[in-house]
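**Q** structure of the sequence below:
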Amino acid sequence: MSWRGTVVLALAVLAAGLYLYRDLVAANADLSWESIIGPREAPPGELVTHLLSFDPATVTAVHLRRGERDWRVERRGNSWSGIERPSDVDDFLTNMLGLAEVMPLDVTSDELAAHGLDPPEAMVELERDGQPPIVLSLGRNNPPSTGVYAQLGSGRVVLTGALARWEFEKMARALSPTAGAQ
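**A** Residues are numbered from 1 along each chain as shown. Okay, here's the model as predicted:
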């Protein structure tokens, strides 16, 4: 194709784009160029409510429990003691911050056992410097196994992603090579 053909094709595409924009503006009077090509706010259904909020630098110890098993790792200076790869703990804390509250649940204390939260199937306790610990209890998976029932302290019950249990298992394996087999 020659340069003239390219110019004619570009003009045709431009004309079609202008026609489409004019047609859209006729249907939507508040439509502007900025609303089409500019940044957009996330729709309410896409806003993420994080399950946990803490500064990883203030965490002094991570304590995991499942049944009769306990695992604990403590911060010593700038590193973690009691684990072969200290960076695993930092990754765990970062991933815990990324957990989302999928859906709040209205669960009474009588219904906790039905969700695997009385007693909890697993528990994560984050001890913090000069602040109360964060306790996250993990219960059963929801029926399609895409999420886990979780309780913050003795408070509200929520559905969070199945990633919470996966992160727990990964951290327990890092603290004890035989943890995943139990």
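
**Q** how is the protein divided into domains?
**A** 3-40, 56-181 (automatic domain parsing).

**Q** only the buried residues of the helix or strand hosting residue 149, if you could.
**A** In this assignment (DSSP states H and E), residue 149 forms part of strand 147-152. Judged by neighbour count (16 or more other CB atoms under 10 Å), strand 147-152 contains these buried residues: 147-151. C-beta: built from backbone N, CA, C; applies to glycine.

**Q** which other residues reach it?
**A** Strand 147-152 is contacted from outside by 51-52, 102, 105, 107, 112, 115-117, 120, 134-142, 157-162, 164-165, using CB atoms under 8 Å, 6 or more residues apart in numbering.

**Q** partners of it, with directions?
**A** Looking at strand 147-152 with DSSP bridges, its partner strands are strand 131-141 (antiparallel), strand 157-161 (antiparallel).

**Q** next one: that strand to chain centre, how far?
**A** Offset of strand 147-152 from its chain centre (CA atoms, centre = their mean, to the nearest Å): 12 Å.

**Q** name the nearest residue to residue 145, ignoring sequence neighbours.
**A** Spatial nearest neighbour of residue 145, excluding adjacent residues (CB to CB, 6 or more residues apart in numbering): residue 162 at 6.4 Å.

**Q** residue 54 versus that neighbour, what's the distance?
**A** Look at residue 162 and residue 54: by CB to CB, to the nearest Å, they are 22 Å apart.
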